[in-house]
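A.B. asks: Sequence unavailable; structure follows:
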């Protein structure tokens with residue numbers, strides 16, 4: 001469900017981020033007993049899926065960093 005929601009083109013990026021902050025993140029934090037590192041990796045993956053890859057403005061090639 002989460003993957004489908006984050007990659008949907010029907011919802012705006014702002015709405016996806018609001019859903020992530022109000023629904024997904026609290027559920028993950030409630031059930032989370034892992035280290036901070038894994039939580040930050042999860043957050044980066046979700047936000048990258050919502051925001052999409054960064055691209056160079058001139059060439060249009062995806063940036064790696």
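C.D. replies: Nice, I can see it. These numbers come from a predicted model, not from an experiment.

A.B. asks: rest of the way, CA atoms for contacts and neighbours
C.D. replies: OK.

A.B. asks: following the helix or strand of the chain with the lowest mean pLDDT, which helix or strand comes up?
C.D. replies: When the helices and strands of the chain are scored by mean pLDDT, DSSP states H and E, helix 2-7 comes last with a mean of 66. Per DSSP states H and E, the first helix or strand lying C-terminal to helix 2-7 is helix 13-19.

A.B. asks: Give me the residues contacting the helix or strand following that following helix.
C.D. replies: Downstream of helix 13-19, the first helix or strand assigned by DSSP H and E is helix 25-30. Residues from elsewhere that reach helix 25-30 (C-alpha atoms under 8 Å, 6 or more residues apart in numbering): none.

A.B. asks: Next, the buried residues of the helix or strand containing residue 48.
C.D. replies: Using DSSP H and E, residue 48 sits in helix 36-51. For helix 36-51, burial by neighbour count (16 or more other C-alpha atoms under 10 Å) applies to 39, 43, 46, 49, 50, 51.

A.B. asks: hmm, which two among the residues you listed are most spread apart?
C.D. replies: Greatest spatial distance in the buried residues of helix 36-51: 39 and 51, 18.2 Å, computed using C-alpha to C-alpha.

A.B. asks: List just the nearest of the buried residues of helix 36-51 to residue 8.
C.D. replies: If you rank the buried residues of helix 36-51 by distance to residue 8 using C-alpha to C-alpha, residue 50 comes first, at 8.6 Å.

A.B. asks: Touching, that closest one and residue 15? I think so.
C.D. replies: No. Here residue 50 does not reach residue 15: they are 9.8 Å apart, not a contact under C-alpha atoms under 8 Å.

A.B. asks: who are the neighbours in contact with residue 47?
C.D. replies: Counting by C-alpha under 8 Å, 6+ apart, residue 47 touches residue 17.

A.B. asks: State the distance from it to residue 61.
C.D. replies: Separation of residue 47 from residue 61 (C-alpha to C-alpha, to the nearest Å): 20 Å.
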